[in-house]
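[1] Just to be clear, the model below is a prediction. Sequence and coordinates:
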Amino acid sequence: MRDVVVIGAGLHRYGMFPDKTTIDMGTEAISLALKDAGMAWKDIEAAYCGTVQPGVSGGHAICNKMGYTGLGITLVENASASGSSAFREAYLSVASGENDIVLAFGVDKLGSQLLAPPPVSGQPQPKPENAAPEPSPSLPEPENDERVDSKFRKVLPVQYFAALARHYMKEYGVTREQLGQVSVKSHFNAGLNPYAHFQKPCTLEQANNARMVVDPLTVLHCCPMDDGAAAVIVCAKELAKKYTDKPCPTVAASVNKSTPPDGDFFVTLTRLASQEAYHKAGIGPEDLDLIELHDAFTIEEIIYLEALGLCETGRGGKLVQDGVTAITGKHPVNASGGLISMGHPVGPTGVGQVAEILWQMRGQCGGRQIEKPVNYALAHMVGAGGVCVIHLFKK
């Protein structure tokens, strides 16, 4: 396997864009990535599109709009890890020698589907496809001794993670303040990110006193459903200088794993996947200068800090409280704003994490730039059904 670098990235802002199509957003992100890489569309030999929504050949329509070049196009659906999986396929294509320059991009329009038209003639309108269901108190509370995969199938995601938050509060002393501090940190970082959905900071009081979704998670403890697109270009390391003199981080490890025997595709799966990634890269969690992780709900950042080996079980909340995960801390987490504040359009999310890592390693992130050198960074995404994709990058 040969060395592969990330040479360029582009984003379409995450948010609600009912007047834009996936083609509009996808071509914008790809065009920006090409400009960042110093490349032309004809240089791309293959493309992998992470998406859960556009339908048959949605990625092809975007690439065709860029121009017919005969490149290979593959759609990748892997739940929330769709974009991460598309990036992995692009990486493997170059690492194996099959191609020299490959595009990974993601696009989805989940947020605009929630903007249902007004009722006609007094008749209620059907819910848009993929709309988030309203939490229902009639759904059963999972039993504590059930496997995680069984528990998760019985309830809505927000209910599962609210129950997990209550468990961590009872068993490990995690506080609502610590949960809220995850949101405060996320919104602060996103306020410095022009591509983020939410661009206003919030206070701890605002985070914890916002509309309750499922106790203890308020709406500011949860990620939005939104629209967006992200694109990154990878190439063989020896070719990078032909196109740019900017630093291009090397992919140090790429891991994709599914539900382990104990059924826990959140904590156990993240722990196993990260251990394999660290082994492949020859580093440990203590070496990480930036982590972009899956934080659809505030409790997730806390549990994944533990699963990634940054602290012992039950100590993740303390890491947040002590500022370890702030952009000024020892292990900055979600400098982009994360899923909670930058947004979670699903298809683009994992690709957007890689873009943030590229720009942080180049020192191009403005007010949210991590001051210390970012020599090693990790991108982490999990997906319902049982998937975890982790990538490690070195400067």
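    Great, that's in hand.
[2] all strands for the protein, in order.
    Chain-ordered strands for the chain, with DSSP state E as the definition, fall at 4-15, 46-50, 72-76, 101-109, 212-214, 217-218, 227-236, 250-258, 290-292, 376-383, 387-394.
[3] Residue 175: which of those is closest?
    With C-beta to C-beta, the closest approach to residue 175 among the strands of the chain belongs to strand 217-218: 13.7 Å. C-betas here are computed from N, CA, C, even on glycine.
[4] buried set for stretch 255-275?
    When neighbours are counted by 16 or more other C-beta atoms under 10 Å, the buried residues of stretch 255-275 are found to be 255-257, 259-260, 263-275.
[5] got the CA positions of that stretch in PDB?
    Once side chains and other backbone atoms are set aside, the C-alpha atoms of stretch 255-275 remain, and they are given as PDB (Å, rounded to 0.1, in the frame of the first residue of the first chain):
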ATOM      1  CA  VAL A 255     -10.500   1.300   9.800                       C
ATOM      2  CA  ASN A 256     -14.100   0.200   9.200                       C
ATOM      3  CA  LYS A 257     -15.600  -2.200  11.700                       C
ATOM      4  CA  SER A 258     -19.100  -3.400  12.400                       C
ATOM      5  CA  THR A 259     -21.100  -4.600  15.500                       C
ATOM      6  CA  PRO A 260     -18.900  -6.600  17.900                       C
ATOM      7  CA  PRO A 261     -20.100  -9.800  19.600                       C
ATOM      8  CA  ASP A 262     -21.400  -7.900  22.700                       C
ATOM      9  CA  GLY A 263     -23.800  -5.900  20.400                       C
ATOM     10  CA  ASP A 264     -22.500  -2.500  21.500                       C
ATOM     11  CA  PHE A 265     -21.900  -0.600  18.200                       C
ATOM     12  CA  PHE A 266     -21.200   2.600  20.100                       C
ATOM     13  CA  VAL A 267     -18.700   2.300  22.900                       C
ATOM     14  CA  THR A 268     -17.200  -1.200  22.400                       C
ATOM     15  CA  LEU A 269     -17.100  -0.700  18.600                       C
ATOM     16  CA  THR A 270     -15.400   2.700  18.900                       C
ATOM     17  CA  ARG A 271     -12.900   1.300  21.300                       C
ATOM     18  CA  LEU A 272     -12.000  -1.700  19.100                       C
ATOM     19  CA  ALA A 273     -11.800   0.400  15.900                       C
ATOM     20  CA  SER A 274      -9.700   3.100  17.500                       C
ATOM     21  CA  GLN A 275      -7.300   0.500  19.000                       C
END
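[6] Distance from that stretch to the middle of the chain?
    Between the centre of stretch 255-275 and the centre of its host chain there is 17 Å, according to C-alpha atoms, centre = their mean, to the nearest Å.
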